[in-house]
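A structural model of the following input is requested.
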Amino acid sequence: MQTIEMILSGQHVQPKQSFRAANGHGYTPKKITVNAEVLAAGMRRHVPLLPMDGPIAVDICVLYPWRKSEKKATMKLMSIPKDSKPDVDNVAKQILDVCQQLGFFGNDAQIADLRVRM
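Below is the predicted model:
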């Protein structure tokens, strides 16, 4: 199974979602589009020459800054799981969509093993 490791810094990942306008056409909010562009900019240097084929393993670890309300005793633990929005599945969806658009793989159906930590 093929894997690619990369560490990206920058804005937090927003869920990729479309909203319906009054006229029935959907659109993606600018904040979500900008976050996808930030992700793509960080990933471009890792794009393989040819898209990966066969099954792929993906391990995503997203780190968020400490909340202002966090206690110092909790901060000593170094990290705590994130239990607020965005949801883990929405985070993975946006990252994998950007990977597919950049040409890491042909279809996200190739992902046989997915692990997401936040």
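
which of the residues in the host helix or strand of Leu39 are buried?
Element membership for Leu39 (DSSP states H and E) is helix 30-43. For helix 30-43, the buried set under the neighbour-count rule, 16 or more other CB atoms under 10 Å, comprises Ile32, Asn35, Ala36, Val38, Leu39, Met43. The C-beta positions use only the backbone N, C-alpha and C, and glycine is treated the same way.

Just flag the most distant two among those residues.
Greatest spatial distance in the buried residues of helix 30-43: Ile32 and Met43, 16.5 Å, computed using CB to CB.

now the spatially most central residue of the chain: how far from Asn107?
Central residue of the chain (CA atoms, centre = their mean): Ile95, 3.1 Å from the mean position. Distance, Ile95 to Asn107, by CB to CB, to the nearest Å: 15 Å.

Next: Thr74.
In this view, Thr74 and Asn107 are 41 Å apart by CB to CB.

Hmm, Leu102 is touching Pro51, no?
No: because the distance of 9.5 Å does not satisfy CB atoms under 8 Å, Leu102 is recorded as not touching Pro51.

rewinding a little: Thr74 and Asn107 - which one has more neighbours?
Set Thr74 next to Asn107 and count neighbours by other CB atoms under 10 Å: Thr74 wins out with 13 against 9.

From Leu96, how far out is the closest residue to Met1 other than its chain neighbours?
Leaving aside its sequence neighbours, Met1 sits nearest to Ala57 (CB to CB, 6 or more residues apart in numbering; 4.7 Å). Ala57 is 12 Å from Leu96, where distance means CB to CB.
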